[in-house]
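> take a look and give me a structure for this.
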Amino acid sequence: MSRVGKHEIKIPQGLAVTQNGRLFMFKGKLGEASIDVPSCVEVSKTDSVIKVKVNDDAKFSRAMWGTVQRNISNIVKGLTEGFTVSLTLEGVGYKAAVTGRRLVLQLGYSHDIVYDIPDGVSIKCENPTSIAIMAPSKQQAGEIAAVLRSYRPPEPYNGKGVIRAGEFVIRKEGKKK
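Predicted coordinates:
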């Protein structure tokens, strides 16, 4: 059984944490976030550390113990450092460019795909075949990466498409004569 919940969460300098009953609110240099803690888990805050404790030994309570600890840890990391997801474009003529608050993708279709960048998120294209998505929320960065990947998922024969960093595309053998 996992014991992720027993780890303490250190509160870095510049992050303000306030508690209102079961609602914890965080304010950092990259934005604001809040989490509503379920009643089966108890969260205690000191000056520099947040601890999560489980109230009873029920299976659901122990599952929520680790989940709440990880969610708070991700909020703290996201508001201080942020999360980055990298995508690469594989294929002839596949390009990406940021113009204002829009990401323009050329993915082999007869038209360009225009994606409006949400507030609080920044997208950079260091070169035309790489995209870096930076967001204070791990979930938001992953959702944007999934949407961009859905425009041209990697295909197994030539390996073309939008590929997430670290993703392994299983290649298939082509047609035999």
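> which strand or helix spans the nearest residue to Glu42 once chain neighbours are set aside?
Distances taken as C-beta to C-beta, 6 or more residues apart in numbering put Lys53 closest to Glu42, at 4.7 Å, once the chain neighbours are dropped. To be clear about C-beta, it is placed using only N, CA and C from the backbone, and glycine gets the same treatment. Following DSSP states H and E, one finds Lys53 within strand 49-54.
> and what of Leu79?
helix 59-80.
> please name the nearest non-neighbouring residue to Ser44.
That would be Lys51: by C-beta to C-beta, 6+ apart, it lies 5.1 Å from Ser44.
> list the contacts of that neighbour.
Residues in contact with Lys51, defined by C-beta atoms under 8 Å, 6 or more residues apart in numbering, are Glu8, Ile9, Val43, Ser44, Lys45.
> now the last one: how far from Glu155?
With the distance defined as C-beta to C-beta, to the nearest Å, Lys45 ends up 49 Å from Glu155.
> equivalent analysis for the second one, please.
The spacing between Ile9 and Glu155, counted by C-beta to C-beta, is 41 Å.
> mind listing the strands in the protein by residue range?
9-10, 16-20, 23-28, 31-36, 41-45, 49-54, 83-90, 95-99, 102-106, 113-116, 122-124, 130-135, 161-164 (DSSP state E).
> select, out of those, the one closest to Val147.
With C-beta to C-beta as the measure, strand 113-116 is the member of the strands of the chain nearest Val147 (7.3 Å).
> where in this protein is pLDDT low?
Scanning the chain with the threshold set as pLDDT under 70 gives 1-2.
> can you tell me the centre-most residue of it?
Lys138 (2.3 Å; C-alpha atoms, centre = their mean).
> domain map for this protein?
Recorded structural domains for the chain (assignment: automatic domain parsing) are 4-80, 83-164.
> turn these into CSV, columns for distance to Gly174.
As requested, the domains of the chain are exported to CSV (distance: least, C-beta to C-beta, whole Å):
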stretch, distance to Gly174
domain 4-80, 42
domain 83-164, 6
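> is it true that Lys45 touches Ala16?
No. Lys45 is not in contact with Ala16 according to C-beta atoms under 8 Å; the separation is 11.3 Å.
> residues touching Lys53, list them.
The contact partners of Lys53, by C-beta under 8 Å, 6+ apart, come to Gly5, Val41, Glu42, Val43, Ser44, Trp65.
> residues in contact with the fourth one?
Val43 is in contact with Gln19, Phe24, Val37, Ile50, Lys51, Val52, Lys53, Val68, Ile72, counting by C-beta under 8 Å, 6+ apart.
> now swap in the fifth one and tell me
Ser44 makes contact with Ile50, Lys51, Lys53 under the criterion C-beta under 8 Å, 6+ apart.
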